[in-house]
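# Based on what follows, work out the 3D shape:
(2 chains)
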Amino acid sequence: MSELAYLDVASASALLRSKKLSPVEYARALIERVEKLDRNLNAFLRFTPDLALEDARKAEAEITRGQWRGTWHGVPYALKDIVDYAGLPTTAHSKILRDNVARADAAVTQRLRGAGAIFMGKLSTHEFAIGGPSFDLPWPPARNPWNRDHFSGGSSSGSGAATAAGFVPAAIGTDTGGSVRNPASMCGIVGLKPTYGLVSRRGVVPLSFSLDHVGTMTRNVRDNALMLDLIAGHDPADPGSANHASGGYTAQLDRDIKGLRIGVIRHFYTRDMQADPEMAQGIEHALAELARLGAEVREITTAPLDDYVACNRTILTGEAFAIHEQWMRERPQDYGALARERLMAGAFVRAADYVNATRLRRKLTEQFHACFAEVDVVVTLSSMDPACRIDDPKAVEYTYARQSRAPFNVTGSPALSVPTGFSSAGLPLSMQLVGRPFSEALIYRVAHAYERATRWHERRPPLEV
Amino acid sequence: MTESVLTLDQVRAMAADLRLDRFNDAQLEELTRATNAARARRAKLGIERLSLADEPAHVFRLDDEEPV
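Now for the predicted structure:
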């Protein structure tokens, strides 16, 4: 079962195309795995094996007839449950939207279904992508496959857990202040927050219109690039969608990184915050590896982390409260306590503060983008700490805020979380690669070179022991 | 800019102004914590660095083909 569970997308696709692997056999193996193991992880909020087998039978018939649709034909995936799949509820992991049946597919769902991918179900999230991990909601929170007593990160918590656990090779997450990259960090997988506007948000429950991104979560860099190839592109129905060329994200993967200039923002995790020593050691070893591979690593500085975080949170909470105000008036008791408190922070954000935060956003963005006159890719930490225990609310609250992901929601830059090893307790460590807008292919190239050299992505969580 | 910490009664009155009047006491405590945290963040916004001409990051702009 493990062999199929941990197939990467590129290998699975080759086997499916050559008919050496049946989509039905593949889907059945993953269904059995979810049925056996997810009771301990809660990655799926709504597991849909019947739909998966229906998709798989259709894919098998098409491939048998020679109607291969491309890389994703017959490959399983799952969606964070704030992303619409027509005919199924999109609950946002909340009692409030428990019966919110989607009338149409989200843009990313359309792309995946159109490519013949196999839908496995809807994944746990923090309530409305902001409040969690919570134990006072209709569904339990996802747990970390590396140690189920630990947090899987969030808010795309089920997406991280399901991908790391070998339930799916790829999942869709969303990221407003770090919600793809946090679970990617905690679960030891690869998570991309693309450039703002590169992937359509149509059909996704909003948290903060100007900070929301739809992202890709996979076990390796190539699979991530393949998923972005499929879902990136202009969508006139999303007002934030960028009318920019997309695709070709695997094109640079096999190139080396000799001579590339890598800027490290060390002050985020040494001065602005003090990272956990093992996490800091992980990124320093990774930087040494990148230098060994031929990159020129130099230290750069940008605005203090607090400036970005204050800007992100003012905009996020102001926009989020605008969305939630009516429910807060009428149904405050139907939120979990964590989401309610985090959303309430926007109740009294003054218009002047919101506007000033967006004015600062422009300045911070211009300042950060100016870094790229000197460097090609920026590296910094994603999480300051490995995953804490999920049943320790103080530790969750403390570590949740200890991150340097929010700056890149403010700037809209593409940012990729990749594994850098494991702590002494066996929990994943990570770093973050950031680039100019729309430079995802270059980020993937650097990440892939590092991944090939270190092979952290080949380790598996101890689920079947 | 130093912000004073709001009391539960102050927040209750502010909430009532917004017609957020179904909160129980525990929820009002949450709102008080959240509001004080938001005010502390506001103090870190660094608006002293803005000049008069600094525009917001998203400025409304009509498309070229939009009828005038």
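
# and stretch A:49-65, what's its mean pLDDT?
Across stretch A:49-65, pLDDT averages out at 98.

# taking the mean pLDDT, what do you get for the longest helix seen in chain B?
Identified as the longest helix of chain B according to DSSP state H is helix B:25-42. Per-residue pLDDT over helix B:25-42 has a mean of 93.

# in it, what's buried?
Within helix B:25-42, the residues scored as buried using 16 or more other Cβ atoms under 10 Å in any protein chain shown are B:27-28, B:30-32, B:34-39, B:41-42. Placement of C-beta: from N, CA and C, glycine included.

# can you list contacts of it?
For helix B:25-42, contacts defined as Cβ atoms under 8 Å, 6 or more residues apart in numbering or on different chains pick out A:309-310, A:313-314, A:317, A:332-333, A:337, A:340-342, A:344-350, A:353, B:1, B:3, B:5-8, B:11-12, B:14-15, B:20, B:23.

# Strands - which of those residues land there?
Members of the contacts of helix B:25-42 lying in strands (criterion: DSSP state E): none.

# Narrow these to those that are buried.
For the contacts of helix B:25-42, a neighbour count by 16+ other Cβ under 10 Å gives the buried set as A:309-310, A:313-314, A:317, A:332, A:337, A:340-342, A:344-349, A:353, B:6, B:11-12, B:14-15, B:20, B:23.

# Centroid-nearest residue for the chain?
Let's take chain A. Chain A has A:Val180 as the residue nearest its centroid, 2.3 Å off, counting by Cα atoms, centre = their mean.

# that's the wrong chain, I wanted chain B
Chain B has B:Ala38 as the residue nearest its centroid, 7.0 Å off, counting by Cα atoms, centre = their mean.

# where do the strands sit along the stretch 251-400 of chain A?
Assigned by DSSP state E, counting those that start in this stretch, the strands in the stretch 251-400 of chain A fall at A:261-264, A:296-299, A:377-380.

# just the ones you listed: most buried one?
Mean neighbour count (mean count of other Cβ atoms under 10 Å in any protein chain shown) peaks for strand A:377-380 among the strands of the stretch 251-400 of chain A, with a mean of 25.

# Give the partner strands of that strand in its sheet and their orientations.
strand A:261-264 (parallel), strand A:428-434 (antiparallel) (DSSP bridges).

# Serialize those to JSON lines and add fields for mean pLDDT and distance to A:Ala286.
Supplementary listing: these in JSON lines, determined by pLDDT from 0 to 100; distance: least, Cβ to Cβ, whole Å:
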{"stretch": "strand A:261-264", "mean pLDDT": "98", "distance to A:Ala286": "10"}
{"stretch": "strand A:428-434", "mean pLDDT": "98", "distance to A:Ala286": "5"}
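
# can you list those strands in CSV and add distance to A:Asn147?
Converted to CSV, the strands paired with strand A:377-380 look like this (distance: least, Cβ to Cβ, whole Å):
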stretch, distance to A:Asn147
strand A:261-264, 29
strand A:428-434, 10
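
# Out of the ones you listed, which gets nearest to A:Thr125?
With Cβ to Cβ, the closest approach to A:Thr125 among the strands paired with strand A:377-380 belongs to strand A:428-434: 19.7 Å.

# Which residues are in contact with A:Val264?
Going by Cβ under 8 Å, 6+ apart, A:Val264 touches A:283, A:287, A:297-300, A:378-380.

# and the closest residue to A:Met273 other than its chain neighbours, what does it touch?
Nearest residue to A:Met273, sequence neighbours excluded (Cβ to Cβ, 6 or more residues apart in numbering or on different chains): A:Met384, at 5.4 Å. By Cβ under 8 Å, 6+ apart, the contact set of A:Met384 is A:269, A:273-276, A:279, A:399, A:402-404.

# roughly how far apart are A:Met384 and chain B?
A:Met384 sits 18 Å away from chain B, going by Cβ to the nearest Cβ, to the nearest Å.

# same check, this time on A:Leu21
Here A:Leu21 is placed at a distance of 47 Å from chain B (Cβ to the nearest Cβ).

# so what's that residue closest to, chain neighbours aside?
Per Cβ to Cβ, 6+ apart, closest to A:Leu21 is A:Leu15, 3.7 Å.

# what helix or strand is that neighbour on?
Using DSSP states H and E, A:Leu15 maps to helix A:9-17.

# packing partners for the helix or strand following that helix?
Using DSSP H and E, the helix or strand that follows helix A:9-17 in sequence is helix A:23-37. For helix A:23-37, the elements it packs on are helix A:2-5, helix A:9-17, helix A:49-64, strand A:76-80, strand A:118-123, judged by 3 or more Cβ pairs under 8 Å, 6 or more residues apart in numbering or on different chains; DSSP states H and E.

# Contacts for helix A:23-37 next, please.
Residues from elsewhere that reach helix A:23-37 (Cβ under 8 Å, 6+ apart): A:1, A:4-5, A:7, A:12, A:16, A:43-44, A:47, A:49, A:52-53, A:55-57, A:59-60, A:63, A:73-74, A:76, A:118, A:120, A:165-168, A:463-464.

# what does stretch A:106-119 give?
Stretch A:106-119 has contacts (Cβ under 8 Å, 6+ apart) with A:23, A:26-27, A:48, A:51-52, A:55-56, A:58-59, A:62, A:69-79, A:83-86, A:105, A:172, A:199-204, A:214, A:230-231, A:235, A:237-238.

# can you check stretch A:55-70 too?
Stretch A:55-70 has contacts (Cβ under 8 Å, 6+ apart) with A:16-17, A:19, A:22-24, A:26-28, A:73-74, A:113-119.

# can you count the residues close to the residue nearest to A:Val309 when sequence neighbours are not counted?
Closest residue to A:Val309 apart from its sequence neighbours, by Cβ to Cβ, 6+ apart: A:Ala406 at 5.3 Å. Using other Cβ atoms under 10 Å in any protein chain shown, A:Ala406 has 23 other residues around it.

# Isn't A:Ala406 up against A:Gly178?
Yes: A:Ala406 is within contact range of A:Gly178, at 5.8 Å (criterion: Cβ atoms under 8 Å).

# so where is the stretch 201-350 of chain A shaky, pLDDT-wise?
Applying pLDDT under 70 to the stretch 201-350 of chain A flags no residue at all.

# Please list the residues of it that sit near chain B.
Applying Cβ under 8 Å from any Cβ of the partner chain, one finds that the stretch 201-350 of chain A approaches chain B through A:210, A:306-307, A:309-311, A:313-314, A:317, A:325, A:328-330, A:332-333, A:337, A:340-342, A:344-350.

# So which of these are in helices?
A:306-307, A:309-311, A:313-314, A:317, A:325, A:328-330, A:337, A:340-342, A:344.

# Count the neighbours of A:Ala373 for me.
For A:Ala373, the count of nearby residues is 6 (other Cβ under 10 Å).

# swap in A:Ala245?
For A:Ala245, the tally of surrounding residues (other Cβ under 10 Å) stands at 10.

# right, and the secondary structure at it would be what?
Taking DSSP: H, G, I helix; E, B strand; the rest coil as the rule, one finds A:Ala245 in the coil state.

# A:Leu45 now?
When classified by three-state DSSP, A:Leu45 comes out as strand.

# Report the separation between it and B:Glu48.
45 Å (Cβ to Cβ, to the nearest Å).

# How about B:Leu28?
Applying Cβ to Cβ to B:Leu28 and B:Glu48 gives a distance of 33 Å.

# just A:Ser210 next, same as before
A:Ser210 is 23 Å from B:Glu48, where distance means Cβ to Cβ.

# the more surrounded of these two?
The neighbour comparison of A:Ser210 against B:Glu48 (other Cβ under 10 Å) goes to A:Ser210, with 20 against 6.

# Go ahead and confirm that one touches A:Glu319.
Yes: the pair A:Ser210 / A:Glu319 is scored as a contact, 6.5 Å apart, by Cβ under 8 Å.

# which one is A:Pro23 nearest to, not counting chain neighbours?
Nearest residue to A:Pro23 in three dimensions, chain neighbours excluded: A:Gly74, at 3.5 Å (Cβ to Cβ, 6+ apart).

# Done for today, thanks.
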